[in-house]
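A.B. asks: sequence and computational prediction follow.
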Amino acid sequence: MEKYTLSVLVENHAGVLSRVVGLFTRRGFNIHSLSVGTTADEKISRITIEVKGDVYMVEQVSKQLSKIMEVIKIKTLKDDEMVKRGLALVKIRANAKNRGEIIQIANVFRVNIVDIAETTLTAELTGSDQKIDAFLRMVEPYGIEEIARTGMTALERGANTLRLN
């Protein structure tokens, strides 16, 4: 099973996300990652959905999505033709002795330290799943208190754009 990234432009109305997610649920497809936000036009939102499956499943989902009245446009993005990023906030156990080591690891990954307390520090990082997972593996021995991750958000590279018309 491969991972596919769908970029879906929808009208920005209450209940649209629920209908989109419900379509996946009714068909027994699991959403690996989900990200939603308004576009430059406040009346339109972009939903970025990562799913694992095969070409047939993605085609079926796309056809079903296009039947939802508020869905404006759908595109399956190819890995080499998109920029895709996620965000993670990670609260790591830290003390006076190991805080410097954790900050050095954070610097290698270009991670921002956004909060320091007596017994923890909170790191903010953006990047691919692989980068986020690698950082988590490096700081896991210190003790991870909490993690909050967003879904992946993606745009096509260069001049390619998911246009309304």
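C.D. replies: Happy to help now that I have it. In this text the structure is predicted, and so the values were computed from the model without any measurement. Numbers count the residues shown, from 1 in each chain.

A.B. asks: for I92, name its beta-bridge partners.
C.D. replies: In this entry, I92 is beta-bridged to L121, I144, by DSSP bridges.

A.B. asks: so where's this protein uncertain?
C.D. replies: 162-165 (pLDDT under 70).

A.B. asks: residue contacts, L136?
C.D. replies: By C-beta atoms under 8 Å, 6 or more residues apart in numbering, L136 lies in contact with A88, V90, I144, I147. Heads up, the C-betas are built off the backbone N, CA and C, glycines and all.

A.B. asks: and the gap between G151 and R110?
C.D. replies: 21 Å (C-beta to C-beta, to the nearest Å).

A.B. asks: same question for E50.
C.D. replies: 23 Å.

A.B. asks: neighbour count winner among G151 and R110?
C.D. replies: Neighbours were counted for G151 and for R110 using other C-beta atoms under 10 Å; G151 has more, 17 against 11.

A.B. asks: the more buried one in helix, strand or coil?
C.D. replies: coil (DSSP: H, G, I helix; E, B strand; the rest coil).

A.B. asks: surely it touches V21?
C.D. replies: No. Look at G151 against V21 with C-beta atoms under 8 Å: they stay out of range, at 11.7 Å.
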